[in-house]
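Participant: Okay, predicted coordinates and the sequence, questions at the end:
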Amino acid sequence: MIYFYAAMAVAAWLFLVGVYGIVTSRNLIHLCLCLVVVQASTYVLLTAVGYRPGGIAPIFADVKQTDKAVDPVIQALMLTDIVVEATVVALLLALTVQIKKKTGTLNPDKVNLMRG
């Protein structure tokens, strides 16, 4: 049970560090990397939720009904989370490259694409 609380504390710390980096970032690439740190907190959280001490892999062929197994739904959620993160980060970095080409800066305060 101590592992669960330790993992939750690590997940909360990663989330807070990532959000702090997002709020204080003055570079769009740094902002994308801080978003990756926030997303890493969800990996730790899902790992903590899905962990079962002494659990076996969720392959139920030739397994007794009384054996403990880890939750396969958590594993599927983590794989989905990884795919979504990779897609979002790729999109944000592509937008960052286009913003750099258009404005010549990566500072979000100096980017002014909305001109009337």
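Facilitator: Now that the structure is in, tell me what you want to look at.
Participant: low-scoring pLDDT stretches of the protein, where are they?
Facilitator: 60, 114-116 (pLDDT under 70).
Participant: Contact partners for the residue most central in space within the chain?
Facilitator: By CA atoms, centre = their mean, the chain has its centre lying nearest to residue 39, at 1.5 Å. By CB atoms under 8 Å, 6 or more residues apart in numbering, the residues touching residue 39 are 18, 81, 85. For the C-beta atoms, the positions are set from N, CA and C on the backbone; glycine is no exception.
Participant: Let me have those residues in CSV, extended by neighbour count and secondary structure.
Facilitator: Output for the contacts of residue 39, formatted as CSV (neighbours: other CB atoms under 10 Å; DSSP: H, G, I helix; E, B strand; the rest coil):
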residue, neighbour count, secondary structure
18, 19, helix
81, 16, helix
85, 17, helix
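Participant: Please report the distance of residue 67 from residue 54.
Facilitator: Noted for residue 67: a distance of 9 Å to residue 54, by CB to CB, to the nearest Å.
Participant: got it, and residue 22?
Facilitator: The gap separating residue 22 from residue 54 is 38 Å, by CB to CB.
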